[in-house]
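Peer 1: kindly generate the corresponding structure for this input.
(2 chains)
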Amino acid sequence: MATNTVGLFDAPATALAAAGELKGAGFDATSIISPIPLHGAEKVLGEKKSAIKRFTFFGGLFGMLFGFSLAAGTAVLYLHPTGGRPIITLPPFLIITYEMTILCGILATVIGFLVSARFPAMRERVYVPEAAVDKFVVSVLCSDDEHDRRAEEILRSAGAEEIRRLREED
Amino acid sequence: MQAERDISYADVNRDVVRSLVETGSKYYITLAISVSVMLACFFAPWFYQLQYGIGAAGMNHPTVWGTYLASFIFWIGLSHSGTLLSCVLHITNSSWRKAMYRSAEAMTLFSLMVAVTMVMVHLGRPWFIHWAVPYPNQMELWPNFRSPLMFDVMAITTYLTGSTIFIYMGTIPDFAAVRDRTTGWRHHMYVLLSLGWRGTDTEWHRLGWAYTFLAVLIIPLAVSVHSIVSWDFALSIVPALHQTIFAPYFVVGAIYSGTAGIVTVMFVLRKYMNFEHYITKLHFDNLGKLLLVLSLIWTYINVLEIFTGWYSGTSTEYEAIRYKLFGYYAPLYWEMILFCAVAPLLMISKRFRTSFVPMLILSIAINIGMYTERFLIVATSLSRQYLPDAWGIYVPSLVEISIMVGSLAMFVTLFLIFVKIFPSISIYEIKETLPEPEPKTQSESGAPEWQPTL
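Peer 2: Got it, this is the predicted structure:
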């Protein structure tokens, strides 16, 4: 079972510096747990890409096709001629299409968020409750005791006020 | 936003958790009153109406729409500033939004719920409401998508879904913060609601993207919702309703009354939830400026409505305008002008905008005026149509007036429940506005410090 060495910092700047040093020392599985989003984190830990935008786009596209098919299909299947007007009338059907595009786009965004952030969590993961209040935590996955010691050394020298070792369920 | 006193991150957690778990007798008394008023003034008359038929309401030929639909437009309108304003301010990176947006979004959600209930009340046979939903059924009955009422069903369903998701998603980190500091049933509830949020850099990154995408999707949605509500009226061929200006008129009116609603809610939260340090004069000042601009746009559209009616040169439009300005409902019209066009000019003064009680009074006055506007749209137009022998006066019955009051109590009840479940101000976003914590311990390695762009 892998161990996570976590260091608690009282300021974002020192936490980011520690994460940068760990990354430089070859610890790839480093993450920062913080009470606020740290916009400098990507500079230190590398740029992140998420698939959420694809979910939104394809969700919206599906909604657009579904919305128009729903309105036009209904009109074709259940004919309701009014005053010689066309059965598939674009202006009102575009409104239904528009609303369904947004509805499906929203729902797909949520699914994209849940998938890409791995929610809901089904097992215990590394967590430090102080990180929801005022501590900035650097967590690093260590495969053996040697790694563990090196990580602790780097975290301490970077100014961690406390070091913990946490195990994550497999 | 800068808090007025030195607040630490831990203070924010403590203050917000306190607002959730510490409940005084005043809260229970207010809740008991609002629940009682809701039951007595909303549900009791509604059941009476269900039993005796829709005739219990004062709606009759020619005014077949009354206060129920006026209330529907009012509540949909009130919902408009919350999520819409929050989305716009999020995209434009306005930090003053952070202390107030959660409650504003809740206002959206509950106004929408009340609005949907008003539609149910307006229906003669609400048990057939599912007929408006497109699903395969043995009657081969499908809704007519050419009807603006179906646009409404789709738009409001989408808006309600979008607003619920938007407020929930923005609160996930706060649920996690509250989860760690609560016990018992509350703890279990927040464990479920927080989905296992930890606050890792990856989670923040994903939340940031998803939240921004939702904001971008919701802005045009909100505009479309009230445009569609306006088409319920404007697509009819009733004089004074059949106007192209109606969509922007409704959207501006909705944002206007919604912003006034936010001012009212902010006052109450500040005063009774002890958030004086978070909701400051700055918020009232900014909301006041926004209200002032909206009132001027709203006034312009009102003037324009009269001008286009006059310029049309048709007798029906002339009569509609004359009746609105000088007819049976004229006192209500001028009350609306006083509350929504004249009184808001006081907000030119910064002193007025930063005074809490006057802003509260004005915000309530604006919403009274805006309710009147919605009533006048329905009542003055339907009671004077083409044929003089089919003219008639509409006066709401006691059942309608009672349900109107009861709908307000329903909104208050929902909001009171909300403030004890959802953190009413955003913990993590308030923290973002505070000065960044300084390191207490010195780095031994002298490593270069990264400067995050907070």
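
Peer 1: got the contact list for the worst-scoring helix or strand of chain A on mean pLDDT?
Peer 2: Lowest mean confidence among the helices and strands of chain A (mean pLDDT, DSSP states H and E): helix A:41-45, at a mean of 83. Contact with helix A:41-45 is made by A:16, A:19-20, A:23, A:30-32, A:34, A:48, B:201, B:204-205, B:450, B:452, as judged by CB atoms under 8 Å, 6 or more residues apart in numbering or on different chains. Placement of C-beta: from N, CA and C, glycine included.

Peer 1: C-terminal to the helix or strand where B:Val16 lies, what's the next element?
Peer 2: Using DSSP states H and E, the element containing B:Val16 is helix B:9-21. Note on helix B:9-21: by DSSP H and E, the next helix or strand toward the C-terminus is helix B:25-37.

Peer 1: residues in contact with that following helix?
Peer 2: Residues contacting helix B:25-37 (CB under 8 Å, 6+ apart): B:272, B:405-406, B:409, B:412-413, B:416-417, B:420.

Peer 1: list the residues that contact the spatially most central residue of chain A.
Peer 2: In chain A, the centroid-proximal residue (CA atoms, centre = their mean) is A:Ala117; its distance is 3.6 Å. Shown in contact with A:Ala117 (CB under 8 Å, 6+ apart): B:202-203, B:206-207.

Peer 1: let's see if you can find the most crowded of those residues.
Peer 2: B:Glu203 (25 neighbours; other CB atoms under 10 Å in any protein chain shown).

Peer 1: wouldn't that residue be in contact with B:Trp197 here?
Peer 2: Yes - using CB atoms under 8 Å, B:Glu203 is in contact with B:Trp197, at 6.4 Å.

Peer 1: how many neighbours does whatever residue of chain A ends up closest to chain B have?
Peer 2: In chain A, the residue that lies nearest chain B is A:Ala121 (2.5 Å; CB to the nearest CB). Applying other CB under 10 Å, we find 15 residues neighbouring A:Ala121.

Peer 1: give me the phi and psi for it.
Peer 2: phi -70, psi 130 (degrees, to the nearest 10).

Peer 1: spatially nearest residue to it, not counting backbone neighbours?
Peer 2: Distances taken as CB to CB, 6 or more residues apart in numbering or on different chains place B:Gly196 nearest to A:Ala121, at 2.5 Å, with adjacent residues excluded.

Peer 1: also B:Thr171?
Peer 2: B:Phe422 (5.8 Å).

Peer 1: the one you found should be in a strand, yeah?
Peer 2: No - per DSSP: H, G, I helix; E, B strand; the rest coil, B:Phe422 lies outside any strand segment and is coil.

Peer 1: OK, contacts around it?
Peer 2: Neighbouring residues of B:Phe422 by CB under 8 Å, 6+ apart: B:102, B:106, B:167, B:171, B:174.

Peer 1: from chain A, how far off is B:Lys26?
Peer 2: 29 Å (CB to the nearest CB, to the nearest Å).

Peer 1: ok, that residue - how many residues close by?
Peer 2: 9.
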